[in-house]
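In: no sequence for this one, just the structure:
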């Protein structure tokens, strides 16, 4: 039975080859004569060859990432289950005419999220001034104790500066406490960075999938365009990069063999990097985001079920795990 190379095994093989090549280079360095000249930096051929090789490797990384991501989207059971749960929730909300209620729920939830973040920001500023007041009061108490020990009132420029800082901190604390009290009225007029949900973000993929499944047209042009931008551009770019400045040299040397092996290893690592990046993006990022969406919709559906607006079980959220 043929065994399939896993990304971990490919990585291990690549690292072993890298160790072997580095060791071989270290042993052969005594037999290598190196020459250096600043004219190298003005040699157009050198830079063209360097950029051709490195850009070809970069193209391979992105092409392998795209292929790996598409394959993972189609075979990862967790991703497919989450995607189907979102789709079923979208169908249920539309069939039960809950679009308006869900949009109002999202708007109210966003307002609560924004207010919570805004209050937390104001509270942090108030706590900072409160800590500053405590520090100034501590310094003030020490200064008073020292002055009483000498039988005189506390004075001096440093003491006056400390009193000024204490007064400013008290004024700022009062200011931030006042804004905290008015936070609910002011939150709509301030810019606050917070996690914002929207109907389009939650159901964009589900809507596209539902529209595509119910659309009788074949849209061959769209398919051709997708192939062009995801596959043909990479192949075309790689062809240009790999053939623009190539001149074959049939002279054989062990140095050429070593360079070829190093470039081959670089290509293997590039393909491995792109493949793992595509898999990790689907397994970790996309599955995590779909889980957040599914749980959000589930909370709304449970709320509507308690109110009697919808029947049947709520969409169950799936916790992402490593696919089998």
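Out: Nice, I can see it. These numbers were taken from a predicted model, which means no experiment stands behind them.
In: alpha carbons only for contacts and neighbour counts from here, please
Out: Fine.
In: Check the gap between the residue of the chain most remote from its centre and residue 163 for me.
Out: Taking C-alpha atoms, centre = their mean, the residue of the chain most remote from its mean C-alpha position is residue 151, at 64.4 Å. When distance is defined by C-alpha to C-alpha, to the nearest Å, residue 151 is 20 Å away from residue 163.
In: Can you list the buried residues in stretch 46-58?
Out: For stretch 46-58, a neighbour-count test (16 or more other C-alpha atoms under 10 Å) marks 49, 52, 53, 54, 55, 56, 57, 58 as buried.
In: which stretches of the chain have low pLDDT?
Out: Applying pLDDT under 70 to the chain flags the ranges 1-8, 10-11, 14-15, 18, 21, 24-37, 40, 206-252, 254-255, 308-324.
In: Next, format the buried residues of stretch 46-58 as CSV and append distance to residue 261 and secondary structure.
Out: Converted to CSV, these look like this (distance: C-alpha to C-alpha, whole Å; DSSP: H, G, I helix; E, B strand; the rest coil):
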residue, distance to residue 261, secondary structure
49, 17, helix
52, 17, helix
53, 14, helix
54, 15, helix
55, 18, helix
56, 16, helix
57, 14, helix
58, 18, helix
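In: Of these, which is the nearest to residue 122?
Out: Checking the buried residues of stretch 46-58 against residue 122 with C-alpha to C-alpha, the nearest one is residue 58 at 45.9 Å.
In: surely the closest one meets residue 270?
Out: Yes. If you go by C-alpha atoms under 8 Å, residue 58 and residue 270 touch, sitting 7.3 Å apart.
In: At which residues are the helices of the chain located?
Out: 7-28, 44-75, 77-95, 99-149, 157-181, 183-186, 199-214, 220-227, 233-243, 254-280, 287-306 (DSSP state H).
In: and the longest one, what does it pack onto?
Out: Here helix 99-149 is seen to pack against helix 157-181, helix 183-186 when contacts are counted using 3 or more C-alpha pairs under 8 Å, 6 or more residues apart in numbering; DSSP states H and E.
In: Please state the offset of the first one from the chain centre?
Out: Its chain's average C-alpha position is 40 Å from that of helix 157-181, according to C-alpha atoms, centre = their mean, to the nearest Å.
In: Let me see the residues that make contact with that helix.
Out: For helix 157-181, the external contacting residues (C-alpha atoms under 8 Å, 6 or more residues apart in numbering) are 119, 122-123, 125-126, 129-130, 132-133, 136-137, 139-140, 143.
In: try 7 Å this time
Out: Here helix 157-181 makes contact (C-alpha atoms under 7 Å, 6 or more residues apart in numbering) with 119, 122, 125, 126, 129, 130, 132, 133, 136.
In: Let's have those in CSV, adding neighbour count and distance to residue 156.
Out: As requested, those are exported to CSV (neighbours: other C-alpha atoms under 10 Å; distance: C-alpha to C-alpha, whole Å):
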residue, neighbour count, distance to residue 156
119, 19, 39
122, 19, 35
125, 15, 30
126, 23, 29
129, 21, 24
130, 17, 25
132, 18, 21
133, 19, 20
136, 19, 15
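In: Identify, from the residues you listed, the entry nearest to residue 197.
Out: In terms of C-alpha to C-alpha, no member of those lies closer to residue 197 than residue 119, at 19.2 Å.
In: where's that closest one relative to residue 264, distance?
Out: To residue 264, residue 119 is 56 Å away according to C-alpha to C-alpha.
In: what does residue 137 give?
Out: Counting by C-alpha to C-alpha, the gap from residue 137 to residue 264 is 69 Å.
In: More neighbours: which of those two?
Out: Higher neighbour count among residue 137 and residue 264: residue 137, with 15 against 12, using other C-alpha atoms under 10 Å.
In: The residue nearest to that one when sequence neighbours are not counted: neighbour count?
Out: Nearest residue to residue 137, sequence neighbours excluded (C-alpha to C-alpha, 6 or more residues apart in numbering): residue 166, at 7.3 Å. If you count neighbours by other C-alpha under 10 Å, residue 166 ends up with 21.
In: Begin at 20, not 1, for the rest of this chat.
Out: Done: numbering now begins at 20, and the last item shifts to residue 185.
In: Could you measure from residue 185 over to residue 173?
Out: Residue 185 sits at a distance of 15 Å from residue 173 (criterion: C-alpha to C-alpha).
In: Repeat that for residue 200.
Out: To residue 173, residue 200 is 37 Å away according to C-alpha to C-alpha.
In: Would you mind splitting this structure into its domains for me?
Out: 26-117+220-318, 128-208 (automatic domain parsing).
In: right, so of these, which gets closest to residue 325?
Out: With C-alpha to C-alpha, the closest approach to residue 325 among the domains of the chain belongs to domain 26-117+220-318: 10.7 Å.
In: what's the neighbour count on residue 117?
Out: Here the number of neighbours of residue 117 (other C-alpha under 10 Å) works out to 17.
In: Kindly apply the preceding question to residue 215 instead.
Out: Here the number of neighbours of residue 215 (other C-alpha under 10 Å) works out to 13.
In: can you pull the contacts of it?
Out: residue 129.
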